[in-house]
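Student: Pasting the sequence and the predicted model now:
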Amino acid sequence: MEFNGITLVTGAAGFMGSHLVEFLVGKGVRVRASARPRNDTSFFDRLGVEYVPADLTKPDTLPRLFEGVVDRVFHLGAICNFSTPYESLCPTNVEGVKSITELALKKGVKRYVHVGSTSVYGYYRGTPFKEDSPRDPRDCYGRSKRDGEDVVWGRIKEGLPAIITRPCTVYGPRCNDGAGKAFSRPSSISAIPGSGKQLLSNVRAEDVAAAVYHLSFIESAVGQAFNLAEDTNPTLEEALTLASESFGTKPPKMHLPLWLVKTVARVDGAISARKGCIPDLELDAVKYLYDDYVVDNSKLKSTGYRMIYPDFRESIKQMGEWYQAQVRLGKTV
């Protein structure tokens, strides 16, 4: 498969979207970046990328994204947190998918790559999540991502050449939201939730970008789903300790029982709701800490993809070195 036209990236101003845009530019791809209207477009200007504002909740703003020869779409536009109620997630995470896939189908794009989430699987059931594992989301965010996926599965039956990807916890440079931020920058986390022995699955943003790009060329990937995860599964305590050491902060030593962590999350959530913001500690995210969370990446690797950062430990050390270098140069991180 060759793509000689425009590659559209939705959600391009977000954490994962910005990494994908950078990656595509590095590959010489002609990118059209889109996100909600914004005043600061310096990131895209610096990369020499066309930026077209649009809002997934306003269908009349979307047709202009497909002007010209658009032959590939990477859809990352979504609300990604565990605090927003379903009725507020649905216009973007479900109805927005309906709008963008309808246009992609009418345009006759060669490939549509949907970036979803492993949250569609729900809580851990004792064995690593595989792509054919039951989808049983237990929170509003997970349900919205499942329902958005279902839209894509329906479009595939209509002829859309789509691929569904499911990243697990994403971390990396510029991560300021979600669970991945604990491993992406200096953190004030002073205690370890629960035993700390819970196994984790993570993935670097750079690998998300490279993996979805890789999959877009594979004809046999159309109509399938792929987990995106690293090869290693550190414990929660190991991950928090390594991140603290790498970013130069004091490693957490004390353990807090999860019932107390949930209580703190409820209070933090109530305070944040009054302020109109997303809490750093989200209650529904804490519920995932009662067990392991292991994601199987063998299907992705069977396509020939090789992780840029396969080992969480080496990845975090590299991030720490990068961060310290930025600090020495006086750059804002």
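Tutor: The structure has been received and is ready for your questions.
Student: Would you mind listing the buried residues in stretch 116-134?
Tutor: For stretch 116-134, the neighbour count (16 or more other C-beta atoms under 10 Å) marks 116-122, 124, 128-129, 131, 133 as buried. Backbone N, C-alpha and C define where each C-beta goes, glycine included.
Student: Tabulate those residues (CSV), appending distance to Asp231, pLDDT and secondary structure.
Tutor: CSV is the format used below for the buried residues of stretch 116-134 (distance: C-beta to C-beta, whole Å; pLDDT from 0 to 100; DSSP: H, G, I helix; E, B strand; the rest coil):
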residue, distance to Asp231, pLDDT, secondary structure
Gly116, 21, 97, coil
Ser117, 20, 97, coil
Thr118, 16, 98, helix
Ser119, 21, 97, helix
Val120, 22, 98, helix
Tyr121, 19, 98, helix
Gly122, 23, 96, coil
Tyr124, 18, 96, coil
Pro128, 12, 98, coil
Phe129, 15, 98, strand
Glu131, 17, 98, coil
Ser133, 19, 98, coil
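Student: Turn these into JSON lines, including distance to Cys175.
Tutor: JSON lines is the format used below for the buried residues of stretch 116-134 (distance: C-beta to C-beta, whole Å):
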{"residue": "Gly116", "distance to Cys175": "18"}
{"residue": "Ser117", "distance to Cys175": "15"}
{"residue": "Thr118", "distance to Cys175": "17"}
{"residue": "Ser119", "distance to Cys175": "17"}
{"residue": "Val120", "distance to Cys175": "21"}
{"residue": "Tyr121", "distance to Cys175": "22"}
{"residue": "Gly122", "distance to Cys175": "24"}
{"residue": "Tyr124", "distance to Cys175": "23"}
{"residue": "Pro128", "distance to Cys175": "24"}
{"residue": "Phe129", "distance to Cys175": "22"}
{"residue": "Glu131", "distance to Cys175": "25"}
{"residue": "Ser133", "distance to Cys175": "26"}
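Student: in the helix or strand encompassing Asp207, what counts as buried?
Tutor: Taking DSSP states H and E as the criterion, Asp207 maps to helix 205-216. Going by neighbour count (16+ other C-beta under 10 Å), the buried part of helix 205-216 is 205-216.
Student: Okay, strands next: where are they in the stretch 201-333 of the chain?
Tutor: Using DSSP state E, counting those that start in this stretch, the strands found in the stretch 201-333 of the chain span residues 202-204, 225-228, 254-256.
Student: Run a quick neighbour tally on the closest residue to Asn93 other than its chain neighbours.
Tutor: Take Asn93 and drop its neighbours on the chain: the residue closest to it by C-beta to C-beta, 6 or more residues apart in numbering is Ser144, 3.9 Å away. Number of residues near Ser144 (other C-beta atoms under 10 Å) recorded here: 29.
Student: Locate Ser144 within the secondary structure: which element?
Tutor: Under the assignment here (DSSP H and E), Ser144 is part of helix 140-158.
Student: Tell me the buried residues in that helix?
Tutor: Residues 140-149, 151-152, 155-156 are the ones in helix 140-158 that count as buried (16+ other C-beta under 10 Å).
Student: and what of stretch 168-182?
Tutor: So stretch 168-182, judged by 16+ other C-beta under 10 Å, has buried residues 168-173, 175, 178-182.
Student: now, of the strands of the stretch 201-333 of the chain, which is deepest in the fold?
Tutor: Neighbour counts (mean count of other C-beta atoms under 10 Å) averaged over each of the strands of the stretch 201-333 of the chain peak at strand 202-204, with a mean of 28.
Student: which helices and strands sit right next to that one?
Tutor: Strand 202-204 makes packing contacts with strand 169-171 when contacts are defined by 3 or more C-beta pairs under 8 Å, 6 or more residues apart in numbering; DSSP states H and E.
Student: All the helices of this structure, in order from the start?
Tutor: Taking DSSP state H as the criterion, the chain carries its helices at 15-26, 42-47, 86-93, 95-107, 140-158, 205-216, 236-247, 258-275, 283-286, 298-302, 312-328.
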